[in-house]
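Peer 1: One predicted model, sequence on top.
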Amino acid sequence: MAVEGISGLSGLNGISSVKQATPGEAQASFTESLKAAIESLNETQQASDKMTEAMAAGEVTNLHDVMIASQKASVAMDAAVQVQRKAIDAYTEMMRMSM
C-alpha cells in the first residue's frame, strides 16, 4: 500500500525568508502589542459597564447578554492580572541573576 503526500499544502518554504527584528523593532512591537491588549481590556470593561448600567435603567431586557459581557470582562481582567504577575516574577528573577 503506497502512501501519497498531501498535495496543495505549502511547506515551510517561507520561514527562511523571515526578517530578523532588531532590538529596537522588537521593543516597539512589544510595546504596541501591550498597548493594544490594554486598550482591548479597557473596551471590554467599558462595554460590560454600559450593559450593566443599561440593565439597571431597564433599557436592556436580556440578562443573558449582560452576564456574558460581565464574564468576558472578568476573564479578560483575570488574564491581565496573571500576565502582570508573570512579568513581575520574570523581572524579579532577572534582577536576582548575577552577571
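Peer 2: Everything's here; your move.
Peer 1: Quick check: the gap between residue 61 and residue 51.
Peer 2: 12 Å (C-beta to C-beta, to the nearest Å). Where C-beta positions appear, they are placed from N, C-alpha and C, glycine not excepted.
Peer 1: ok, the two, which is more surrounded?
Peer 2: Neighbour count, other C-beta atoms under 10 Å: between residue 61 and residue 51, residue 51 has more, with 20 against 9.
Peer 1: Give the burial count for residue 66, as a bare number.
Peer 2: Neighbours of residue 66 using other C-beta under 10 Å come to 19.
Peer 1: who are the neighbours in contact with it?
Peer 2: 51-52, 54-55, 60 (C-beta atoms under 8 Å, 6 or more residues apart in numbering).
Peer 1: Can you redo those residues as TSV, where the extra columns are distance to residue 24?
Peer 2: Putting the contacts of residue 66 into TSV (distance: C-beta to C-beta, whole Å) gives the following:
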residue	distance to residue 24
51	41
52	42
54	45
55	47
60	47
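Peer 1: which of those count as buried?
Peer 2: Among those, those classed as buried by 16 or more other C-beta atoms under 10 Å are 51-52, 55, 60.
Peer 1: looking at the protein, which helix or strand is least sure?
Peer 2: Lowest by mean pLDDT, DSSP states H and E among the helices and strands of the chain is helix 23-56, with a mean of 90.
Peer 1: What are the buried residues along that helix?
Peer 2: 44-45, 48, 51-52, 55.
Peer 1: what's the angle between the next helix or strand after it and helix 23-56?
Peer 2: Per DSSP states H and E, helix 23-56 leads on to helix 63-96 as the next helix or strand towards the C-terminus. Counting by axes from the mean of the first three to the mean of the last three C-alpha atoms, to 10 degrees, helix 63-96 lies at 150 degrees to helix 23-56.
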